[in-house]
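*Asks:* sequence first, then the predicted structure, then my questions.
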Amino acid sequence: MADRRRAKSISTALESWFAHAARDLPWRFEPRDPYMSLVSELMLQQTQVSRVLEKFEPFLERFPSIEDLANADEADVLSEWSGLGYYRRARMLHACAQAIVEQHDGEVPRDVESLCALPGIGRYTAGAIASMVYGDREPLVDGNVVRVMQRLHNNPDQQNDPKTVKWAWENATELVEASEEPGVLNEALMELGATVCTPKRIRCDQCPVQKHCKAFDAGTTESVPPPKPRAKRKELFCASVVCIDSKDRVLMEQRGEDGLWARMWQVPTIEREDRAPTTEEIGDTAELIDSFVHQTTHRIVRFDVYRFDEISTRDRSFKSRSQIDRLGISNAQMKVLTSVFE
Ligand code: ADE
Ligand code: SF4
């Protein structure tokens with residue numbers, strides 16, 4: 001069957017390409033370590049490799065084994081995750097480590113069904129662990145894989161349409177069925193999407209599967225998949241109040257259980273959806289010292305930073321610089337704090 005032959009030829013080309021073209025990343029050594037792979041795969045969801053590289057080794061130094069992570073305080077896990085964003089993933093990883101210790105004797109399970117039953121693990125991560133760590137013939141699909149599949153088949157649909165994603169899983173299954181080494185094939189597909197078959201400035205001249213690529217043949221690589229229509233980001237207005245005591249400590253508070261930046265630490269911050277809080281609302285002698293805009297995937301957050309030493313200390317506490325370095329702090333609040341520490 002021609003499809004089967006094409007799948008075989010694509011997967012062979014990808015596997016031999018990966019053997020020489022793979023980036024040297026700290027979790028890529030053989031045999032793969034299940035715990036390190038779990039941490040790296042969760043960090044890599046929605047975060048660029050360059051950013052993950054800054055956090056991966058410190059995280060493993062702090063929590064060298066799955067037991068260390070399971071026994072850690074959530075606050076320490078969030079602290080080591082500081083700067084990676086999507087902090088819910090850090091709490092899920094922590095819960096996942098606890099479930100693996102309690103239910104699987106500290107061994108990362110092998111089969112997709114047991115993996116998917118763990119907190120924070122979906123079909124993608126389960127496929128990644130089963131194939132890349134244990135070598136099982138399981139497919140995986142992430143955003144990179146959907147895009148590569150769409151180009152190989154010149155499929156012009158919206159990339160995040162559930163129909164397209166389902167179609168990509170079927171195609172990924174076909175490739176993994178035809179492959180020699182399922183884990184290598186899967187990682188090669190993602191690597192191709194990350195380094196060659198990128199969203200923009202596509203490097204088709206370096207592509208190991210160019211001769212199988214229907215978008216390349218049709219000259220449609222730039223328009224497949226079509227650009228995502230951007231959901232309008234909601235605005236949020238924050239007034240962050242820097243309050244410093246006589247020992248140069250900074251007043252800090254912890255966010256609530258839910259929503260944006262849940263349980264992360266911040267200087268006292270007043271939030272509104274409709275307009276910026278005014279100086280009068282903060283305090284008579286509050287002084288505006290900085291303003292900046294912080295963008296997250298779903299929000300445009302407009303920050304005003306105030307200096308004001310008489311704000312209420314209720315449910316808040318003064319922290320020294322070294323204490324602050326150990327708290328979980330979002331990138332936005334890091335920006336607020338640079339106006340204090342600079
Ligand atoms: N993105 C997520 N996991 C990856 C991996 N193991 N290799 C390349 N890109 C990835
Ligand atoms: Fe992607 Fe170009 Fe390779 Fe096709 S030829 S898979 S568009 S890099």
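*Replies:* In hand now; what should we look at? Ligands and ions are numbered 1, 2, ... in the order given.

*Asks:* where does this structure have low pLDDT?
*Replies:* Counting by pLDDT under 70, the chain contains low-confidence ranges at 1.

*Asks:* recalculate using a threshold of 50.
*Replies:* For the chain, no stretch is flagged by pLDDT under 50.

*Asks:* what about the residue of it positioned farthest from its centre, distance to ligand 2?
*Replies:* Residue farthest from the centre of the chain, counting by C-alpha atoms, centre = their mean, is Asp284 at 41.3 Å. In this view, Asp284 and ligand 2 are 61 Å apart by C-beta to the nearest ligand atom, to the nearest Å. C-beta coordinates here come from the backbone N, C-alpha and C atoms, glycine included.

*Asks:* over to Val224?
*Replies:* For Val224, the distance to ligand 2 under the criterion C-beta to the nearest ligand atom works out to 8 Å.

*Asks:* doesn't the residue farthest from the centre of the chain belong to a helix?
*Replies:* No - per DSSP: H, G, I helix; E, B strand; the rest coil, Asp284 lies outside any helix segment and is coil.

*Asks:* and the contacts of stretch 128-138?
*Replies:* 31-34, 37-38, 41, 108, 110-112, 115, 121, 126-127, 139-140, 176-177, 179, 181-183, 185-187 (C-beta atoms under 8 Å, 6 or more residues apart in numbering).

*Asks:* can you rerun that using 6 Å?
*Replies:* For stretch 128-138, the surrounding residues in contact (C-beta atoms under 6 Å, 6 or more residues apart in numbering) are 32, 34, 37, 41, 110, 112, 115, 127, 140, 176, 182-183, 186-187.

*Asks:* returning to what we had before: and the residue farthest from the centre of the chain, backbone torsions?
*Replies:* Its backbone dihedrals place Asp284 at phi -50, psi -40, with angles given as degrees, to the nearest 10.

*Asks:* list the helices and strands the lengthiest helix in the chain packs on?
*Replies:* Across the chain, the longest stretch assigned as helix under DSSP state H is helix 2-21. Packing partners of helix 2-21 (3 or more C-beta pairs under 6 Å, 6 or more residues apart in numbering; DSSP states H and E): helix 162-178, helix 182-195.

*Asks:* distance between the helix or strand following the last one and the chain's centre?
*Replies:* If I follow you right, that is helix 182-195. Towards the C-terminus, the helix or strand next in line after helix 182-195, according to DSSP states H and E, is helix 214-218. Taking C-alpha atoms, centre = their mean, to the nearest Å, one finds the center of helix 214-218 at 31 Å from the center of the full chain.

*Asks:* beyond helix 214-218, next helix or strand please.
*Replies:* Per DSSP H and E, helix 214-218 leads on to strand 234-242 as the next helix or strand towards the C-terminus.

*Asks:* which outside residues touch that next one?
*Replies:* Residues beyond strand 234-242 that count as contacts (C-beta under 6 Å, 6+ apart) turn out to be 267-272, 276-277, 282, 299-308, 311, 336, 340.

*Asks:* what lines up beside that strand in the sheet?
*Replies:* Sheet pairing here is set by DSSP bridges, and for strand 234-242 it gives strand 269-272 (antiparallel), strand 299-307 (parallel).

*Asks:* tell me the buried residues in the next helix-or-strand element following it?
*Replies:* In the C-terminal direction, the helix or strand that comes right after strand 234-242 (DSSP H and E) is strand 250-254. Neighbour counts over strand 250-254 (16 or more other C-beta atoms under 10 Å) mark 250-252, 254 as buried.

*Asks:* before we move on, what about stretch 320-327?
*Replies:* Judged by neighbour count (16+ other C-beta under 10 Å), stretch 320-327 contains these buried residues: 324, 327.

*Asks:* straight-line length of it, end to end?
*Replies:* Across stretch 320-327, the terminal residues are separated by 11 Å (C-alpha to C-alpha, to the nearest Å).

*Asks:* now distance to Gly219 too, for the strands paired with strand 234-242, in TSV please.
*Replies:* Written out in TSV, the entries for the strands paired with strand 234-242 read as follows (distance: least, C-beta to C-beta, whole Å):
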stretch	distance to Gly219
strand 269-272	49
strand 299-307	37
